[in-house]
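Participant: predicted model follows, preceded by the sequence.
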Amino acid sequence: MEDGTSKSPGYCESTVDDDYDVWQWDTREDCEVRQILDRVADKWSLLVIALLDCQSLRFTQLRREIDGVSQRMLSVTLRHLERDGLVSRTVHPVVPPRVDYALTPLGRTLHQTIKSLVTWTEEHRQEIATARAAYDQRREMMEA
């Protein structure tokens with residue numbers, strides 16, 4: 001059999017890491033891991049988690065800092081992050097009511113992961129820009 005040819009359509013042999021299981025990624029919509037990844041990787045959640053690093057913020061402060069988020073989307077995002085145990089919500093018994101949001105210890109561990117992703121993006125930004133430009137140029141040539 002030629003090198004790089006699979007033995008069967010379902011055969012997945014790792015060439016990098018023998019402990020890596022390609023089948024760990026369950027792509028079904030009802031997969032709990034996929035649902036969690038969909039939640040924490042959406043753009044509003046990422047921004048909320050980034051802003052709550054080392055500080056608690058009120059709803060209005062978060063809304064002011066996140067360009068383009070609607071009041072409804074921010075409410076939904078915060079509710080989901082609270083449900084997942086990533087953000088805590090503290091209601092202060094004052095008039096008018098004051099509510100603060102902060103990362104939980106679990107949320108702080110996720111923040112570290114997100115920080116790594118942002119660092120990777122910053123380090124490879126130029127390579128990605130170059131690849132995008134090359135792709136766009138190829139598409140333009142094909143459409144012409």
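Facilitator: Great, that's in hand.
Participant: buried sites along the top helix by length along the chain?
Facilitator: Within the chain, and with DSSP state H defining each element, the longest helix by residue count is helix 105-143. If you call a residue buried by 16 or more other Cβ atoms under 10 Å, then helix 105-143 has these buried ones: 107, 110-111, 114. Quick note: C-beta positions are derived from backbone N, CA and C, even for glycine.
Participant: and stretch 96-107, by the same measure?
Facilitator: Burial within stretch 96-107, assessed by neighbour count using 16+ other Cβ under 10 Å, is assigned to 100-104, 107.
Participant: ok, stretch 70-80 next?
Facilitator: Judged by neighbour count using 16+ other Cβ under 10 Å, the buried positions of stretch 70-80 are 74, 77-78, 80.
Participant: closest one of those residues to residue 91?
Facilitator: Compare each of the buried residues of stretch 70-80 with residue 91 using Cβ to Cβ and the shortest gap goes to residue 78, at 12.8 Å.
Participant: how far away is residue 67 from residue 144?
Facilitator: As for residue 67, its distance to residue 144 is 36 Å (criterion: Cβ to Cβ, to the nearest Å).
Participant: check residue 53 too.
Facilitator: Distance check for residue 53 against residue 144: by Cβ to Cβ, it reads 47 Å.
Participant: out of those two, which sits in the busier spot?
Facilitator: Higher neighbour count among residue 53 and residue 144: residue 53, with 14 against 5, using other Cβ atoms under 10 Å.
Participant: in which helix or strand would I find the closest residue to residue 104 other than its chain neighbours?
Facilitator: The shortest distance from residue 104 to any residue that is not its chain neighbour, by Cβ to Cβ, 6 or more residues apart in numbering, is 5.2 Å, and that residue is residue 88. Secondary structure from DSSP states H and E places residue 88 in strand 87-92.
Participant: please apply the same query to residue 45.
Facilitator: With elements taken from DSSP H and E, the one containing residue 45 is helix 43-51.
Participant: before we move on, the earlier item: possible to save the buried residues of helix 105-143 as JSON lines with pLDDT and distance to residue 125?
Facilitator: Putting the buried residues of helix 105-143 into JSON lines (pLDDT from 0 to 100; distance: Cβ to Cβ, whole Å) gives the following:
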{"residue": "107", "pLDDT": "94", "distance to residue 125": "26"}
{"residue": "110", "pLDDT": "93", "distance to residue 125": "23"}
{"residue": "111", "pLDDT": "92", "distance to residue 125": "21"}
{"residue": "114", "pLDDT": "89", "distance to residue 125": "16"}
